[in-house]
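S.K.: Just the structure for this:
(chains A and B)
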Protein chains: 2
Amino acid sequence: MMRIPENRVHQVLTTVLTDRGFAPGRARTSARLFTEANRDGVFSHGLDRFERYLGGIASGLMDPAAEPSRSWGGGALERWDGHRGPGNLNARAAMGRAIELAGNYGMGGVALANTNHWMRAGSYGWQAVEAGCIGICWTNTMPNLPPWGADRPLVGNNPLVFAVPRESGAAVLDMAVSQFSYGALDRYARDGRPLPVPGGYDAEGELSTDARAILESGRPLPAGFWKGSGLSILLDLTAALLSGGRATCDIEADPDRETGISQVFLAFAPPEHPGLADRVLGILEENGVRYPGRRTLEHRAESAEKGIAVDEDVWNRITALL
Amino acid sequence: MMRIPENRVHQVLTTVLTDRGFAPGRARTSARLFTEANRDGVFSHGLDRFERYLGGIASGLMDPAAEPSRSWGGGALERWDGHRGPGNLNARAAMGRAIELAGNYGMGGVALANTNHWMRAGSYGWQAVEAGCIGICWTNTMPNLPPWGADRPLVGNNPLVFAVPRESGAAVLDMAVSQFSYGALDRYARDGRPLPVPGGYDAEGELSTDARAILESGRPLPAGFWKGSGLSILLDLTAALLSGGRATCDIEADPDRETGISQVFLAFAPPEHPGLADRVLGILEENGVRYPGRRTLEHRAESAEKGIAVDEDVWNRITALL
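M.R.: I've put the predicted structure just below:
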């Protein structure tokens, strides 16, 4: 990892995106989302993924000029069509609209069909809390996870986000329903380290802590076995039913062809409950429990001091695009 | 287990509740919720729990005459105060109101403070789908689960429900965020069977499939280790912040004193997406995957044919109350 000033990262990404057909403001917003992912320590869904994002433009999967449009409005709940535009910009627009609706109705929901991978899930949780709202959002994905009772990937790992504001920061849960992400499995396999708990099955169908064996069998585990499996099914169904869009079984099971996915964004603006979140999280911290989002704030502080951490190879490839 | 006609079960429970201060209509509704839990195979949160429910009246924990009232309305989102009335009646009223709001606004939310244990979580998911809505609800609980990184119960197992209607039935996920419920651990311990996957820690702090050892250590596992733990924290925070009510850390950690809990009920009424749910669930079934709610329908069919299954000891104790 090397450290680069935040402005420089943002500027380079903005330039690359502008060159590839993004309008200037949209290039800046997308570049900011990528930069913030690395700033917050979420490298796998930050710059590490930038080249694949560009690949989606080259392959025609993603239209950099497409903007989402409302296809149905029911008051507090709306359906939007993402027109296969950039997934991160579509998601940011959808959560922004949900926050607006929450201002009008106490809560707001936007269900987004026909969009692309939103990159870092937590971005839209942080977006909600920065607007003073509670945010909940989830997405379906291509089939990439065998459900409980099957040995083939029939469901998605369908990331789910819960975010609450607090006086001093936020708590933001950003979790896929698989026990380990593919990014995490890759890291353990590369380092030759065993997983801390079983993460899937080996070729013999035995539970395993060997990341390499799990990647080879293609059978990672749902978090909580039948529980993550059931949650995956319902996150997919609700995303598709609410948005009028596609379910996991309709999405091509190839990371370079995954498109037309469905997402849900909820924002809530209840009256305040002063001090509650700080108190609850304070008790957990006193007992040595790291709450979701805690590590993000540490990464953010370190990045503010030292610059944004970026994988050197990734950075060299991105700057070569200038 | 014995089998008893549904009408008879409902009548007995109604009479017992009426004798203990429930208005006739409320006694019938509460009795129906208990009866339906057994009808659907959820014995642990049906008649098995009826005596503890009555105990809450005797101990003053629960006021059978208390009805929930709205404390704040923001349009599609409302706060209600449960006034420590019967948890199942409060929850049913709250989901009913969320469904009404969904009719007006496309989606509706009711956050309920100051209530009691809602008994079977899935009841309110089925209530939403019977009204043609997608339903999502969750509750906090007393501290009964050590979060990841701690060996004491600092968080709740906070059941979460996702329910979607379909042409032929529904899919209803009803899950606590612990890997196994205490009811399930009790059954495995009684039968002397090992758990199918690790369910907690033994006295030496090792992961174990021995239900008895886990019950003795008081350290069941969150589903998905850190994932269920993080989800528990956010379900608790959102329930308390949305309702203005209490968080898990404020709730007495004694099953016979647990009260003043917080819950969230969301209902969604989007335009239809015909055939989607049947198709998604059909593909899973063709591949041997049981979707959440599938078993419920089997229990329901068997109960319609043979009567309601009730534990004989439980039934004898309940009828002795007449």
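
S.K.: so residue A:104 touches residue B:75, yeah?
M.R.: Yes. Counting by Cβ atoms under 8 Å, residue A:104 touches residue B:75, with 6.8 Å between them. C-beta: built from backbone N, CA, C; applies to glycine.

S.K.: Which one of these two is surrounded by more residues?
M.R.: residue B:75 (21 against 15; other Cβ atoms under 10 Å in any protein chain shown).

S.K.: Quick one: name the residues of the stretch 51-200 of chain A near chain B.
M.R.: A:72-79, A:102, A:104-109, A:111, A:134, A:136, A:147-150, A:152, A:154-155, A:162-164, A:171, A:173, A:175, A:177, A:179, A:197 (Cβ under 8 Å from any Cβ of the partner chain).

S.K.: which secondary element of chain A has the worst mean pLDDT?
M.R.: Scoring the helices and strands of chain A by mean pLDDT, DSSP states H and E places helix A:182-191 at the bottom, with a mean of 90.

S.K.: list the buried ones in that one?
M.R.: The neighbour-count check on helix A:182-191 (16 or more other Cβ atoms under 10 Å in any protein chain shown) flags A:182, A:184, A:185, A:188, A:189 as buried.

S.K.: and of those residues, the nearest to chain B?
M.R.: Among the buried residues of helix A:182-191, residue A:184 lies closest to chain B (Cβ to the nearest Cβ), at 11.7 Å.

S.K.: which SS class is residue A:162?
M.R.: Counting by DSSP: H, G, I helix; E, B strand; the rest coil, the backbone at residue A:162 sits in strand.

S.K.: Please name the nearest non-neighbouring residue to it.
M.R.: Distances taken as Cβ to Cβ, 6 or more residues apart in numbering or on different chains place residue B:234 nearest to residue A:162, at 3.7 Å, with adjacent residues excluded.

S.K.: how about the helices in the stretch 101-250 of chain A?
M.R.: Secondary structure of the stretch 101-250 of chain A, counting by DSSP state H, counting those that start in this stretch: helices at A:122-130, A:182-191, A:211-217, A:226-243.

S.K.: Among those, show me which one is buried the most.
M.R.: helix A:226-243 (a mean of 27; mean count of other Cβ atoms under 10 Å in any protein chain shown).

S.K.: Now look at the helix or strand just after that one and say if it contacts chain B.
M.R.: Sequence-wise, the next helix or strand downstream of helix A:226-243 (DSSP states H and E) is strand A:261-268. Yes. Counting by Cβ under 8 Å from any Cβ, chain B has neighbours in strand A:261-268: A:266, A:268.

S.K.: between the helix or strand following strand A:261-268 and helix B:226-243, how many degrees?
M.R.: Counting by DSSP H and E, the next helix or strand C-terminal to strand A:261-268 is helix A:276-286. For helix A:276-286 against helix B:226-243, the angle by axes from the mean of the first three to the mean of the last three Cα atoms, to 10 degrees is 150 degrees.

S.K.: Return the list of helices and strands in contact with helix A:276-286.
M.R.: Under the contact criterion of 3 or more Cβ pairs under 8 Å, 6 or more residues apart in numbering or on different chains; DSSP states H and E, helix A:276-286 touches strand A:160-166, helix B:226-243.

S.K.: make it 6 Å
M.R.: Packing partners of helix A:276-286 (3 or more Cβ pairs under 6 Å, 6 or more residues apart in numbering or on different chains; DSSP states H and E): strand A:160-166.

S.K.: Partner strands of the strand it packs on, with direction?
M.R.: Partner strands for strand A:160-166, per DSSP bridges, with pairing direction: strand A:134-139 (antiparallel), strand A:169-175 (antiparallel).

S.K.: angle of that strand against strand A:261-268?
M.R.: Using the same axes, to 10 degrees, the direction of strand A:160-166 lies 20 degrees away from that of strand A:261-268.

S.K.: what's the neighbour count on residue A:71?
M.R.: The burial count for residue A:71: 17, using other Cβ under 10 Å.

S.K.: Just list the residues touching it, thanks.
M.R.: A:79, A:81 (Cβ atoms under 6 Å, 6 or more residues apart in numbering or on different chains).

S.K.: likewise the one 10 residues further on?
M.R.: Contact partners of residue A:81, counting by Cβ under 6 Å, 6+ apart, are A:69, A:71, A:113, A:114.

S.K.: thought the last one was touching residue A:262?
M.R.: No. Under the criterion of Cβ atoms under 6 Å, residue A:114 lies out of contact with residue A:262, with a separation of 8.0 Å.

S.K.: what do the two both touch?
M.R.: Common contacts of residue A:114 and residue A:262 (Cβ under 6 Å, 6+ apart): residue A:245.

S.K.: who has more neighbours, those two?
M.R.: Neighbour count, other Cβ under 10 Å: between residue A:114 and residue A:262, residue A:262 has more, with 31 against 22.

S.K.: for stretch A:285-305, what is the average pLDDT?
M.R.: Averaged across stretch A:285-305, pLDDT comes to 96.

S.K.: how about the nearest residue to the residue nearest the centre of chain A, chain neighbours excluded?
M.R.: Centroid-nearest residue in chain A, with Cα atoms, centre = their mean: residue A:121, separated by 1.9 Å. Of all residues not flanking residue A:121 in the chain, residue A:159 sits nearest, at 4.1 Å (Cβ to Cβ, 6+ apart).

S.K.: repeat for residue A:295
M.R.: Nearest to residue A:295 is residue A:41, by Cβ to Cβ, 6+ apart, at 6.5 Å.

S.K.: The one you found: how many residues sit nearby?
M.R.: When counting by other Cβ under 10 Å, one arrives at 17 neighbours for residue A:41.

S.K.: Surely it is in contact with residue A:299?
M.R.: Yes. With contact defined as Cβ under 6 Å, residue A:41 counts as touching residue A:299 (3.4 Å).

S.K.: that older thread, from the residues of the stretch 51-200 of chain A next to chain B, which ones fall inside strands?
M.R.: Mapping those onto strands (DSSP state E) picks out A:72-73, A:77-79, A:107-109, A:111, A:134, A:136, A:162-164, A:171, A:173, A:175.

S.K.: Contact residues of the stretch 201-322 of chain A facing chain B?
M.R.: Residues of the stretch 201-322 of chain A lying near chain B by Cβ under 6 Å from any Cβ of the partner chain: A:223-225, A:227-228, A:230, A:233-234, A:237-238, A:240-242, A:244, A:247, A:249, A:270-271, A:273, A:276-277, A:280, A:283, A:287-289, A:291-292.

S.K.: Kindly state the pLDDT recorded for the residue nearest to residue A:113 when sequence neighbours are not counted?
M.R.: Nearest residue to residue A:113 in three dimensions, chain neighbours excluded: residue A:245, at 2.7 Å (Cβ to Cβ, 6+ apart). Model confidence at residue A:245, given as pLDDT, is 98.

S.K.: So what does residue A:245 look like in phi/psi?
M.R.: Here is the backbone geometry of residue A:245 (degrees, to the nearest 10): phi -100, psi -160.

S.K.: Please list all residues in contact with it.
M.R.: Per Cβ under 6 Å, 6+ apart, neighbours of residue A:245: A:113, A:114, A:262.

S.K.: tell me the domain boundaries of chain A?
M.R.: A:2-178+A:222-319, A:181-221 (automatic domain parsing).

S.K.: What is the end-to-end distance of the last one?
M.R.: Just to be clear, that refers to domain A:181-221. 10 Å (Cα to Cα, to the nearest Å).

S.K.: Now restrict the ones in strands among the residues of the stretch 51-200 of chain A next to chain B to buried residues only.
M.R.: Buried among these (16+ other Cβ under 10 Å): A:77-79, A:107-109, A:111, A:134, A:136, A:162-164, A:171, A:173, A:175.

S.K.: Of the residues you listed, which pair is most distant in space?
M.R.: The largest separation in these, counting by Cβ to Cβ, is between A:79 and A:171 at 29.1 Å.

S.K.: quick revisit: what are the contacting residues of the least confident helix or strand of chain A?
M.R.: A:44, A:195, A:211, A:212, A:215.
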